[in-house]
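Engineer: need a structure here:
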Amino acid sequence: VFDCGQRLDRAQRLIGGLGGERSRWTAASAALAASYESLLGDVTLCAASCAYLGPFTLSYRVSATSRWLNALRSAGISCTNDFSLRATLGVPVQIREWAINGLPSDGFSVDNAIIMTTSLQWPLLIDPQGQASKWIKAQEGARGLRLIKLGESDYIRTLENAVQFGAPVLCENVGEELDPSLEPLLAKQTFNNGGVTCICLGDAVVEFSEKFRFYIATRLSNPHYVPEISTK
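Structural biologist: Predicted coordinates:
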């Protein structure tokens, strides 16, 4: 009888404790329903932001997002009132890891990291203070990050090995013009060769690993790149 009484008491405490969660679960359910209604518009804004807003300043991004938001609503597509790239595409655990590795916690920096990691194109970082390069070195160091400069005589060999074995590469201190030998890599001109995905680098044909990552950084504060480079 005593044991049954103890179990009944614990059961009542458990039910009472879970009862306090009802209001939180109800609010979470309402928020989920609202986000479901605005899913199409939010994802459209995310795709547009990642595709077009990377090179621009914070003020221009806010202005462009506001215009896109109004255009979607005029077309009858619902969007979140306080839309943000971080809230829609950001993963809290990943953002916390970025901060640990040195990424500033401001919204602009987090948005830049989200664009960089979700885009299908290789990122070109305008990094006059070297902050982004430092973060990438900390973020990718455990994966065997390779550092190259276009003026080095053996950088193509380093690239070939990294592309083949899936190691990340950071190309530092580029100017406003890039080496033409990088063209196949920038355009991701891969092809199938005997069931294996390959790419041409210089005079060599190497296997292309899906784990390969390529980062380009410049110390120029206001570079001007021709459209042929910007679109890649």
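Engineer: now the helices for this structure?
Structural biologist: With DSSP state H as the criterion, the chain has helices at 2-19, 22-37, 39-52, 58-74, 85-89, 92-100, 107-118, 131-140, 155-165, 183-186, 227-230.
Engineer: Which of those sits closest to residue 203?
Structural biologist: Closest approach to residue 203 among the helices of the chain is made by helix 155-165 (9.2 Å; C-beta to C-beta). Where you see a C-beta, it was placed from the backbone N, CA and C, and this is true even at glycine.
Engineer: Nearest the middle, which residue of this protein would you pick?
Structural biologist: Nearest to the mean C-alpha position of the chain, by C-alpha atoms, centre = their mean, lies residue 117 at 2.2 Å.
Engineer: Please report how far that residue lies from residue 100.
Structural biologist: Taking C-beta to C-beta, to the nearest Å as the measure, residue 117 falls 16 Å from residue 100.
Engineer: got it, and residue 169?
Structural biologist: 23 Å.
Engineer: Give me the more crowded residue out of the two.
Structural biologist: residue 169 (23 against 10; other C-beta atoms under 10 Å).
Engineer: Who does the more buried one form a beta bridge with?
Structural biologist: Beta bridges link residue 169 to residue 146, residue 214 when assigned by DSSP bridges.
Engineer: I figured it hits residue 157, correct?
Structural biologist: No. Using C-beta atoms under 8 Å, residue 169 makes no contact with residue 157, being 11.8 Å away.
Engineer: circling back to that earlier point, can you tell me which of the helices of the chain is nearest to residue 219?
Structural biologist: Closest among these, once you apply C-beta to C-beta, is helix 131-140, at 9.0 Å.
Engineer: so where's the chain shaky on pLDDT?
Structural biologist: 1-2, 15-22, 25 (pLDDT under 70).
Engineer: repeat that with 80
Structural biologist: By pLDDT under 80, the low-scoring segments of the chain are 1-36, 227-232.
Engineer: now the helices of the chain in a markdown table, with distance to residue 149?
Structural biologist: Listed next are those as a markdown table, based on distance: least, C-beta to C-beta, whole Å:
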| stretch | distance to residue 149 |
| --- | --- |
| helix 2-19 | 60 |
| helix 22-37 | 45 |
| helix 39-52 | 28 |
| helix 58-74 | 30 |
| helix 85-89 | 32 |
| helix 92-100 | 25 |
| helix 107-118 | 21 |
| helix 131-140 | 12 |
| helix 155-165 | 7 |
| helix 183-186 | 16 |
| helix 227-230 | 17 |
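Engineer: of these, which approaches residue 208 most closely?
Structural biologist: Comparing the helices of the chain by C-beta to C-beta, helix 155-165 comes nearest, at 5.8 Å.
Engineer: now what about the closest one, what contacts it?
Structural biologist: Identification of contacts with helix 155-165 by C-beta atoms under 8 Å, 6 or more residues apart in numbering yields 146, 148-149, 167-169, 171, 181, 185, 199, 201-202, 204, 206-209, 212.
Engineer: what about 10 Å?
Structural biologist: 144-150, 152, 154, 167-169, 171, 179, 181-182, 185, 190, 198-199, 201-209, 211-214 (C-beta atoms under 10 Å, 6 or more residues apart in numbering).
Engineer: Which ones among these map onto strands?
Structural biologist: 146-148, 168-169, 171, 198-199, 201, 204-207, 213-214 (DSSP state E).
Engineer: So which of those is surrounded by the most neighbours?
Structural biologist: residue 171 (25 neighbours).
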